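Participant: Below: sequence and its predicted model.
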Amino acid sequence: MARLSIEAPEPEPEPSLGGDDELVGEQSSSKRKLDELFFLWLGLPETSELVTGLVRDMRAGKSLTVPARVGSPSSSPSPLSPVSRLLRSNRDIGGDWSPSRHQPTTPPRSPKSPKSPKSGLCASTTLATDGLPPASPRASLSRPAPVIPQFYFPPGVAVTPPQEEARLCRRADELFGSGTDDRLGVDALRDVCAQVAGLPRFFAAKIVDRLGGSLPADSVEVDAEGPTVAKADFMNFWKSELKDASLAGRVFAVLKRPGAQFVVPQDWHAVLQELLETHAGLDFLRDTKEFQARYVETVIARIYYTLDRRGLGRLTLRDIERGELLAALSLVDTDDDINKEMHFFSYEHFYVLYCKFWELDTDHDLEINR
């Protein structure tokens, strides 16, 4: 076994000090003596065996624990405590190293960490292993790693827990019926839209339109009450597009065309037409088709003016997440006063804007000429 061979440096001649420099001279001499004792300790055969064994254990993946005493416990003294031997034979270095020699004039502050005992390194002392591969403690292998739930999701993603998914499936069975061929029209689909898909109720017509464009021709049937959607087709669409999506992701998935990566102004017509037909605050517009069209155009213009910051005429998922659109859709769906939503849907705002543009459009061709 290779042993470490370290020679102690030759002590330098001590300068002659006197007067006020006596304390500084004693400290310098003491440091040199401690360095000499430390190098002598490093040259001991027991120290060489200790360091070599620790390196071998570290490379084998074992924990590095320094024993309390090195060598035979009954014969030789511990080589790990040169300071203790120095304190016990102070005549070897020619000075008094008792604690009372250089007692500070003020009480010291409490140390942040306990000092090592003077009798030697304790059994739990761990050596630093800079530059070498770290060893895995055995204690960490016996305990299972803590399970940290997922806290980050990509934009538009929000995984539905299994218990919540089962509850939503049961609710869909109650609304559609237990059979797979049960179909619902737009009126009945509004409850499914709100309670299962987590969307505003006036998105029901858009879901019918979305399914009719992305599924086979028999997915949407037209009866005396209007188009209907089969339960199986809706559940397939919900599981593939809506179940594990955030509110912004669900709105984006329903509004956009199949395969598209953005929402264009034409995608809003079915949603806003359903809003005009069902919202209590817009009942007075049902008999004025011309103003319904102008209201739809104004709402779409306000949405894209606010959210489409690049002026491209399209909205991405990120645009929908950033703006006030989601909160506005929720408020309009739950409140009968359409004027409480003042970002996009307020009829009072529409009225002021329409009257101003009508004033500027002198020939009333729906184009401003001054």
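Facilitator: Thanks, I have it. Numbers count the residues shown, from 1 in each chain.
Participant: residue ranges of the strands in this protein, please?
Facilitator: Ranges of strands within the chain are 183-185, 220-223, 226-230, based on DSSP state E.
Participant: tell me, which of those strands is the model least confident about?
Facilitator: Of all the strands of the chain, mean pLDDT reaches its minimum on strand 220-223 (a mean of 50).
Participant: ok, and for stretch 342-350, which residues are buried?
Facilitator: Residues 344-347, 349-350 are the ones in stretch 342-350 that count as buried (16 or more other CB atoms under 10 Å). Placement of C-beta: from N, CA and C, glycine included.
Participant: And for stretch 326-344?
Facilitator: For stretch 326-344, the neighbour count (16+ other CB under 10 Å) marks 326, 328-329, 331-333, 338, 341, 344 as buried.
Participant: Tell me which of those fall in helices.
Facilitator: The helices, defined by DSSP state H, take in 326, 328-329, 331-333 from these.
Participant: with those residues in mind, which one is nearest to residue 201?
Facilitator: Proximity of those to residue 201 (CB to CB) peaks at residue 333, which lies at 5.7 Å.
Participant: quick one: that closest one from residue 312, how far?
Facilitator: Applying CB to CB, to the nearest Å, the value for residue 333 to residue 312 is 28 Å.
Participant: what about the chain, any weak spots by pLDDT?
Facilitator: Scanning the chain with the threshold set as pLDDT under 70 gives 1-27, 64-142, 150-159, 178-181, 213-225, 369-370.
Participant: I'd like the domain boundaries of it, if you could list them.
Facilitator: Per automatic domain parsing, the structural domains of the chain span 29-66, 160-244, 246-370.
Participant: can I get the ones you listed in JSON lines with distance to residue 144?
Facilitator: Converted to JSON lines, those look like this (distance: least, CB to CB, whole Å):
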{"stretch": "domain 29-66", "distance to residue 144": "20"}
{"stretch": "domain 160-244", "distance to residue 144": "22"}
{"stretch": "domain 246-370", "distance to residue 144": "31"}
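Participant: Alpha carbons of stretch 319-332, as PDB, please.
Facilitator: Only the C-alpha atoms of stretch 319-332 are listed here, as PDB (Å, rounded to 0.1, in the frame of the first residue of the first chain):
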ATOM      1  CA  ASP A 319     -53.300  36.200 -26.900                       C
ATOM      2  CA  ILE A 320     -56.400  34.700 -25.300                       C
ATOM      3  CA  GLU A 321     -54.500  33.900 -22.100                       C
ATOM      4  CA  ARG A 322     -53.100  37.400 -21.600                       C
ATOM      5  CA  GLY A 323     -56.100  39.600 -22.000                       C
ATOM      6  CA  GLU A 324     -59.400  40.200 -20.200                       C
ATOM      7  CA  LEU A 325     -61.400  38.000 -22.600                       C
ATOM      8  CA  LEU A 326     -61.800  35.000 -20.300                       C
ATOM      9  CA  ALA A 327     -63.100  37.100 -17.400                       C
ATOM     10  CA  ALA A 328     -65.500  38.900 -19.800                       C
ATOM     11  CA  LEU A 329     -66.900  35.700 -21.200                       C
ATOM     12  CA  SER A 330     -67.500  34.400 -17.700                       C
ATOM     13  CA  LEU A 331     -69.200  37.600 -16.600                       C
ATOM     14  CA  VAL A 332     -71.500  37.700 -19.600                       C
END
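Participant: quick one: contacts of it?
Facilitator: 155-156, 200, 202, 246-248, 251-252, 263, 275, 279, 303, 306-309, 338, 340-341, 343-345 (CB atoms under 8 Å, 6 or more residues apart in numbering).
Participant: got a list of what residue 265 touches?
Facilitator: Contacts of residue 265 by CB under 8 Å, 6+ apart are 300, 304, 313.
Participant: I should have written residue 195 there, sorry.
Facilitator: 171, 175.
Participant: Roughly how far does it sit from residue 264?
Facilitator: Applying CB to CB, the value for residue 195 to residue 264 is 29 Å.
Participant: circling back to that earlier point, filter the contacts of stretch 319-332 down to just the ones in helices.
Facilitator: 247-248, 251-252, 275, 303, 306-307.
Participant: other SSEs contacting the top helix by length along the chain?
Facilitator: Longest helix of the chain, by residue count under DSSP H: helix 22-42. With contacts taken as 3 or more CB pairs under 8 Å, 6 or more residues apart in numbering; DSSP states H and E, helix 22-42 sits against helix 82-88.
Participant: So residue 248 is in contact with residue 317, correct?
Facilitator: Yes: between residue 248 and residue 317 there is a contact under CB atoms under 8 Å: 6.3 Å.
Participant: What subset of the contacts of stretch 319-332 is buried?
Facilitator: For these, a neighbour count by 16+ other CB under 10 Å gives the buried set as 156, 200, 202, 246-248, 251-252, 263, 275, 279, 303, 307-308, 338, 341, 344-345.
Participant: Just to check, residue 207 is in contact with residue 229?
Facilitator: Yes: contact criterion CB under 8 Å: residue 207 and residue 229 qualify, at 7.2 Å.
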